[in-house]
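[1] Return atomic coordinates for the entry below.
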Amino acid sequence: MEDAKMICLKDLSPAATNTVNTKFIMLEKGKPMKDGGERTCLTLVADQSASVHFQLWGNECDAFQPGDIIHLTNGIFSYHKANLVLRAGKKGRAQKIGEFIMTFVEMPNMSELRWVRDPSDQKRLIPDPTISVPPSSRIFPSIQN
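    All right, here's what the predicted structure looks like:
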């Protein structure tokens, strides 16, 4: 499914399906931690439309570094331990396709938005229109300052 439609990060919506196909640059990488015996690493990634927290698992923690441009196929944007993160999951694949040269913005951070049920479709989540966008990530302070 390599030819699946690519989406911008600003168009992400939390869902329990592996349907996210996108491309982004890794801006920051947190320290690896243990999560149920598996090593994980939280990162901040962005494209020309938004940023998001991207969760790396196992060997992915060593495979990617800040500055890497990554193509995510069949990824998932959902909650993991109360944090909204984008990740490859078991069905997806993250692959380095370049480095350093990509236009990006940090705001909005899709992981930092508060999500509510869409009044016209209760199965769908949308950003809460009554909450303003935080000025920077709770986990990664703004790198533009």
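[2] what separates the lengthiest strand in the chain from the chain centre, distance-wise?
    Secondary structure of the chain per DSSP state E: the longest strand is strand 68-80. Here the centre of strand 68-80 is set off from its chain's centre by 6 Å, with C-alpha atoms, centre = their mean, to the nearest Å.
[3] and what of stretch 30-49?
    10 Å.
[4] still on that earlier bit, the longest strand of the chain pairs with which strands, parallel or anti?
    strand 20-29 (antiparallel), strand 83-87 (antiparallel), strand 93-99 (antiparallel) (DSSP bridges).
[5] what would those look like in a markdown table with mean neighbour count, distance to residue 49 and mean pLDDT?
    Where you see a C-beta, it was placed from the backbone N, CA and C, and this is true even at glycine. Formatted as a markdown table, the entries for the strands paired with strand 68-80 read as follows, by neighbours: other C-beta atoms under 10 Å; distance: least, C-beta to C-beta, whole Å; pLDDT from 0 to 100:
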| stretch | mean neighbour count | distance to residue 49 | mean pLDDT |
| --- | --- | --- | --- |
| strand 20-29 | 21 | 10 | 90 |
| strand 83-87 | 21 | 13 | 83 |
| strand 93-99 | 15 | 18 | 87 |
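[6] Could you provide those strands in JSON lines, with additional columns for distance to residue 118?
    Formatted as JSON lines, the strands paired with strand 68-80 follow (distance: least, C-beta to C-beta, whole Å):
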{"stretch": "strand 20-29", "distance to residue 118": "18"}
{"stretch": "strand 83-87", "distance to residue 118": "16"}
{"stretch": "strand 93-99", "distance to residue 118": "28"}
